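[1] need a 3D model of the following:
(one chain, ligands or ions: 1)
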Amino acid sequence: MNNDIVLSVKGLHIAYPGEETKIQDITFSVRRGAVFGLAGESGSGKSSICKAILGLLENRTSIFSGSIRFCGRELTDLSGDQHRAINGKDIGYIMQNPMAAFDPCLKISAHFSETIRAHLPCSKRDALCLGLEMLERVGLSHADRMMNSYPGSLSGGMLQRIMTAIAISMNPILIIADEPTTALDTQSRETVLDLLSFVMREYCPAMLLVSHDMNLMEKMAEDIAIMYQGRIVESGSVKRVLENPQHEYTCQLIEASRFTWEEGRC
Ligand SMILES: Nc1ncnc2c1ncn2[C@@H]1O[C@H](COP(=O)(O)OP(=O)(O)OP(=O)(O)O)[C@@H](O)[C@H]1O
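    All right, here's what the predicted structure looks like:
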């Protein structure tokens, strides 16, 4: 086994009965301390792959086969409880929509306390101390006040930072960041970019970064796979893919991302 490989996905197939798009033959690996980018059109299957890694695909509505190995351990054989022991601790998850990631009825302190105490045998007070430290680390001032706030009273950008703080509080081996810049304005995109760069510099996890945004990929990722209609149509180093794209869809993605950021800067 190559110890440098944290996540290895091989021959993954996912189908939703009745849905036309089938996710087929997905193979890639994520190295320790490196960012692997998964880019592609909407509906090509990126979130489904993340869900498969996290054990969140429902047997009732989806059929999947293939291998997903995390630090050498096969994940597709695990029970829900076994996944829950890994998710949030060894695998941190930064979701696409920060508003949807939080329970609106629970204060931020409860979100920290629940995640940390699910994995560490510590008191509520110790969990909150760790939470406060993490909020400061991701650059949020007034951490005390924030802990006492409900998600609805905070901006999307703040919630994204808090979600990142929760994700890194357990020092995960792998972080999955699913479309972290989608639907953000240019300035917020730059902030998320700084935040993810900070996470990589300080915590050095492996990261699976899912995005349409080739600018983000260029700045963050070493290697990339491009998905189109449920398949990986091109993969390689980000430098090679950007300089010499082989698939027509890759060219469109690069062009669209250039336009988006330029548009935002006007
Ligand atoms: N729970 C589900 N039940 C049925 N079909 C689903 C389900 N989840 C996803 N799909 C279908 O699977 C395909 C892939 O969806 P998925 O959300 O994984 O794509 P994506 O690349 O992440 O898209 P986006 O970038 O818009 O988030 C789509 O055709 C979608 O409609």
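
[2] roughly how far is the helix or strand where Glu133 lies from the heart of the chain?
    Element membership of Glu133 [criterion: DSSP states H and E] is helix 124-137. From the chain centre to the centre of helix 124-137 is a distance of 22 Å (Cα atoms, centre = their mean, to the nearest Å).

[3] list the buried residues in the following helix or strand past that helix.
    Downstream of helix 124-137, the first helix or strand assigned by DSSP H and E is helix 143-147. Buried residues in helix 143-147, counted by 16 or more other Cβ atoms under 10 Å: Ala143, Met146, Met147. (Each C-beta comes from the backbone N, C-alpha and C, glycine too.)

[4] rewinding a little: what mean pLDDT does the helix holding Glu133 get?
    Helix 124-137 carries an average pLDDT of 91.

[5] buried sites along it?
    Buried, per 16+ other Cβ under 10 Å, within helix 124-137: Ala127, Leu128, Leu130, Gly131, Leu132, Met134, Leu135, Arg137.

[6] turn the buried residues of helix 143-147 into TSV, columns for distance to the ligand and pLDDT.
    Shown next, in TSV, are the buried residues of helix 143-147 (distance: Cβ to the nearest ligand atom, whole Å; pLDDT from 0 to 100):
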residue	distance to the ligand	pLDDT
Ala143	31	89
Met146	28	92
Met147	31	94
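
[7] ok, the residues you listed vs Thr181, which is closest?
    Comparing these against Thr181 with Cβ to Cβ places Met146 closest, at 22.0 Å.

[8] what residues are up against the closest one?
    Applying Cβ atoms under 8 Å, 6 or more residues apart in numbering, we find Met146 in contact with Ile108, Leu135, Leu140, Leu154, Met158, Ile162.

[9] pLDDT check: weakest of those residues?
    Checking pLDDT across the contacts of Met146, the minimum falls on Leu140 at 83.

[10] wait, doesn't that residue sit right on Met158?
    Yes: counting by Cβ atoms under 8 Å, Leu140 does reach Met158; the two are 6.8 Å apart.

[11] the ligand contacts on this structure?
    Residues of the chain lying near the ligand by Cβ under 6 Å from any ligand atom: Tyr16, Glu19, Thr21, Gly40, Ser42, Gly43, Ser44, Gly45, Lys46, Ser47, Ser48, Thr61.

[12] list buried residues within the residues you listed.
    Tyr16, Gly40, Ser44, Gly45, Lys46, Ser47, Ser48.

[13] touching, Gln160 and Pro98? I think so.
    Yes: with contact defined as Cβ under 8 Å, Gln160 counts as touching Pro98 (4.6 Å).
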